[in-house]
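Undergrad: model the following, please.
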Amino acid sequence: MSKRAGRAMLIGSAAVVALWSAQVPAATLPDDRSWLIRMIACKANGALMEVYLPQSVVLAPRGGMAAGQTVDGYYTLDLTEFNKGKGLEPVHVTMSADKKFVTVDQYTRGLSPTRIPVGGGTVDFDHRFGLDAKCGPFQAQDPNYRN
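TA: Prediction:
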């Protein structure tokens, strides 16, 4: 083996040892304010729609969302059945003053806000995939609950 090859092998070995001995920083988990929980599940024409809210809001000491409260959450439109995947979209979610409706505002796409009865019902989200969406009750985990 030539001096050049020996030197390259020594440098390569030193690099491997250095990489192996380097500690990988531990992942930082989000605090409780960042954890999300599904609060609404809907289905329409093979597409699934879900709304996720921060766990800290949902499990608040005074019974969840307050009347008139608006929180930031995420909306998913699951188009896996159409081979288009499932994305997360930020939304504003507002509990009505009488606590009978939840309004989902898909502000990033400029769509009209969707009013969903707290007890569940049929609503329209976007007009391509979300017409006649059957939604379970707010805070129920099963989209077929009471349907």
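Undergrad: now the element after the worst-scoring helix or strand of the chain on mean pLDDT, going C-ward?
TA: Taking all helices and strands of the chain together, the one with the lowest average confidence (mean pLDDT, DSSP states H and E) is helix 3-21, at a mean of 55. If you walk from helix 3-21 toward the C-terminus, the next helix or strand you reach (DSSP states H and E) is strand 36-44.
Undergrad: check which residues of that next one are buried.
TA: 36, 38-44 (16 or more other CB atoms under 10 Å). The way it works is simple: take the backbone N, C-alpha and C, and place the C-beta from them, glycine included.
Undergrad: can you tell me what sits against that strand?
TA: Strand 36-44 has contacts (CB atoms under 8 Å, 6 or more residues apart in numbering) with 48-55, 58, 73-74, 93, 102, 104, 116, 123, 125, 129-136, 138-143.
Undergrad: Provide the strand pairings for it, with the direction of each partner.
TA: On the basis of DSSP bridges, the sheet neighbours of strand 36-44 come out as strand 47-54 (antiparallel), strand 133-135 (antiparallel).
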